[in-house]
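Engineer: Could you work out the structure for the sequence below:
(chains A, B, C and D)
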Number of protein chains: 2
Amino acid sequence: MDNTETKQKILDTAQELFAEHGYSNTSLRQITSGAGVNLAAVSYYFGGKEQLLFELVGNTLRPLNAERLRRLDALTSNHSTEDVVRCFLEPAIDILSQDNCDIPCILGQAHREQNLALQAFIAQEVRPVAARFIDAIHDTLPRLGTAEILARGEFMIGALLHVLHSQTAVARALAPDQQRLNDNTFIAEQLIKFCTAGFSNE
Amino acid sequence: MDNTETKQKILDTAQELFAEHGYSNTSLRQITSGAGVNLAAVSYYFGGKEQLLFELVGNTLRPLNAERLRRLDALTSNHSTEDVVRCFLEPAIDILSQDNCDIPCILGQAHREQNLALQAFIAQEVRPVAARFIDAIHDTLPRLGTAEILARGEFMIGALLHVLHSQTAVARALAPDQQRLNDNTFIAEQLIKFCTAGFSNE
DNA sequence: GTCTATACTCCGATAGAC
DNA sequence: GTCTATCGGAGTATAGAC
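Structural biologist: The predicted model follows:
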């Protein structure tokens, strides 16, 4: 069997199972038997279960943050606060509309894992985006201090992660007849409006 | 040894260890040896590790939601949007200021666990508060549809849980010199302002 | 009723055979 | 590069001591 083929089959199966049952609730035996490879293959190719998760998270975060930076760079000098918020949120929410809905689950889970090494890994990936984002917000809301921008940035990340992870499960449980809660475009626009208004409060 | 004393020692130790290392990363053997009781005591008193978590979560959610309902009931007929948001957020953030900071960790973790039974348990506890909250928001923002209120309610919960869990860890990592990010009063006021503005956007 | 000792199954990891 | 065998530790269940 090919090297890359085995690795890819493990990654695909792990992504699927992690998304469905969660990292801790998925065993290496489920992954390897699902992928049709030997139990020891995960240790051989990735170094262990945790490094396998790191690989998945990195593969998701890298293109996402690259796209965020690309959009931030494309902003003109007289951009609005909503433009900046959109640069940050839209690439993440776009993933929800793609066919593979494992990715947002993996992403949301990663931020929530109580794992210092993983937290540091994520922080390192997000840092350059955060720095550019703070500057861009500062341009549109000069009266807002750095502490305010940082705090509100955390609120935005929290709201985004919650939506990525649960996909408004609480709201849909409370009102099953509200079909708009299943519409990702509706949720995306609501989230962008919500966060833009939240930031703009000087 | 007394019945209630053994149960309480298990609850206290479990709360501490779950908060520090996470539910999945804490073993029953750590809990029982830390509490000075036998391994089987958890099965005997709670039925298993999962039911032990349920008990902890319930003990945290019950008084929190009772306080939220009490404050919602105390609102006068001409309340503001900020009043309603404050009723929901302040009791949760007040916990942060208490000496026992295990509780917010347990709360944030509970929402994060990929566990359908736990999700249902939480949804059932939150449901009465959510229903009253939606009505109260509707009073102040009559042009807002139910779907909008529900979606934005999810964003607010996401932002709150993120703060409860990480206590603005990302922001503090990005700017260690911003002391205000360690001030719970500052974070609370910022969160209330952020969510109030987010809801008010009709 | 409370608690102890113990056994059972499953987990992640790894040394070593092939 | 792949696989088997095996290890220590996990959660769980229970028989029996007090």
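
Engineer: Is stretch A:168-175 in proximity to chain B?
Structural biologist: Yes: using Cβ under 8 Å from any Cβ of the partner chain, we find that stretch A:168-175 touches chain B at A:168, A:169, A:170, A:171, A:173, A:174, A:175. In short, each C-beta sits where N, CA and C put it, glycine included.

Engineer: Show the backbone phi and psi for residue A:143.
Structural biologist: phi -80, psi -10 (degrees, to the nearest 10).

Engineer: Now list the buried members of the residues of stretch A:168-175 next to chain B.
Structural biologist: Among the residues of stretch A:168-175 next to chain B, those buried by neighbour count (16 or more other Cβ atoms under 10 Å in any protein chain shown) are A:168, A:170, A:171, A:173, A:174, A:175.

Engineer: Sitting in helices, which of the residues of stretch A:168-175 next to chain B do you find?
Structural biologist: A:169, A:170, A:171, A:173, A:174 (DSSP state H).

Engineer: From those, pick the one nearest chain B.
Structural biologist: Nearest to chain B, judged by Cβ to the nearest Cβ, of these is residue A:171 at 3.7 Å.

Engineer: so the closest one touches residue B:151, yeah?
Structural biologist: Yes: assessed by Cβ atoms under 8 Å, residue A:171 is found in contact with residue B:151 at 6.3 Å.

Engineer: thinking again about what came up before, could you export the buried ones among the residues of stretch A:168-175 next to chain B as TSV, including distance to residue B:39 and pLDDT?
Structural biologist: Written out in TSV, the entries for those read as follows (distance: Cβ to Cβ, whole Å; pLDDT from 0 to 100):
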residue	distance to residue B:39	pLDDT
A:168	40	78
A:170	36	79
A:171	41	85
A:173	36	80
A:174	40	82
A:175	44	87
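
Engineer: Including distance to DNA strand C, could those residues go into JSON lines?
Structural biologist: Output for those, formatted as JSON lines (distance: Cβ to the nearest atom of the strand, whole Å):
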{"residue": "A:168", "distance to DNA strand C": "30"}
{"residue": "A:170", "distance to DNA strand C": "29"}
{"residue": "A:171", "distance to DNA strand C": "33"}
{"residue": "A:173", "distance to DNA strand C": "29"}
{"residue": "A:174", "distance to DNA strand C": "34"}
{"residue": "A:175", "distance to DNA strand C": "37"}
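
Engineer: In contact with residue A:181, which residues are there?
Structural biologist: Going by Cβ atoms under 8 Å, 6 or more residues apart in numbering or on different chains, residue A:181 touches A:168, A:171, A:172, A:175, A:187, B:147, B:150, B:151.

Engineer: so which pair among those is furthest apart in space?
Structural biologist: Using Cβ to Cβ, these reach their maximum pairwise distance at A:175 and A:187, which is 14.0 Å.

Engineer: what two of the residues of stretch A:168-175 next to chain B have the greatest distance between them?
Structural biologist: Largest separation among those by Cβ to Cβ: A:169 and A:175, giving 11.8 Å.

Engineer: And the ones in helices among the residues of stretch A:168-175 next to chain B, which is closest to DNA strand D?
Structural biologist: Proximity of those to DNA strand D was ranked by Cβ to the nearest atom of the strand; the top entry is residue A:169 with 23.9 Å.

Engineer: Could you report the pLDDT at the spatially closest residue to that closest one that is not a sequence neighbour?
Structural biologist: Sequence neighbours aside, residue B:119 is the residue nearest to residue A:169 in space, at 7.1 Å (criterion: Cβ to Cβ, 6 or more residues apart in numbering or on different chains). In this prediction, residue B:119 carries a pLDDT score of 84.

Engineer: Just give the number of residues close to residue B:119.
Structural biologist: 17 (other Cβ atoms under 10 Å in any protein chain shown).

Engineer: Flag every residue of chain A that's near DNA strand C.
Structural biologist: A:26-30, A:39-40, A:42-43, A:47-50 (Cβ under 7 Å from any atom of the strand).

Engineer: Filter those down to the buried ones.
Structural biologist: Going by neighbour count (16+ other Cβ under 10 Å), these have A:26, A:28, A:42, A:49 buried.

Engineer: contacting residues for the second one?
Structural biologist: If I follow you right, that is residue A:28. A:39, A:42, A:49.

Engineer: My guess is residue A:140 contacts residue A:76. True?
Structural biologist: No: using Cβ under 8 Å, residue A:140 is not in contact with residue A:76, being 11.8 Å away.

Engineer: where's stretch A:68-80 relative to the chain centroid, distance-wise?
Structural biologist: Centre-to-centre, stretch A:68-80 and its host chain are 20 Å apart (Cα atoms, centre = their mean, to the nearest Å).

Engineer: And that stretch, what's buried?
Structural biologist: Result for stretch A:68-80 [16+ other Cβ under 10 Å]: buried residues A:68, A:69, A:71, A:72, A:75, A:79.

Engineer: which element is residue A:151 on?
Structural biologist: helix A:146-166 (DSSP states H and E).

Engineer: elements contacting that helix?
Structural biologist: Judged by 3 or more Cβ pairs under 8 Å, 6 or more residues apart in numbering or on different chains; DSSP states H and E, helix A:146-166 is in contact with helix A:81-97, helix A:102-112, helix A:116-140, helix A:184-200, helix B:146-166, helix B:169-174, helix B:184-200.

Engineer: So the fourth one, near chain B or not?
Structural biologist: Yes: if you take Cβ under 8 Å from any Cβ as the test, helix A:184-200 does meet chain B, through A:186, A:187, A:190, A:191, A:193, A:194, A:195, A:196, A:197, A:198, A:199, A:200.

Engineer: Look up the pLDDT of the residue nearest to residue A:180 when sequence neighbours are not counted for me, please.
Structural biologist: Nearest residue to residue A:180 in three dimensions, chain neighbours excluded: residue B:147, at 4.2 Å (Cβ to Cβ, 6+ apart). At residue B:147, the predicted lDDT confidence score is 95.

Engineer: That's all I had, so thanks and see you.
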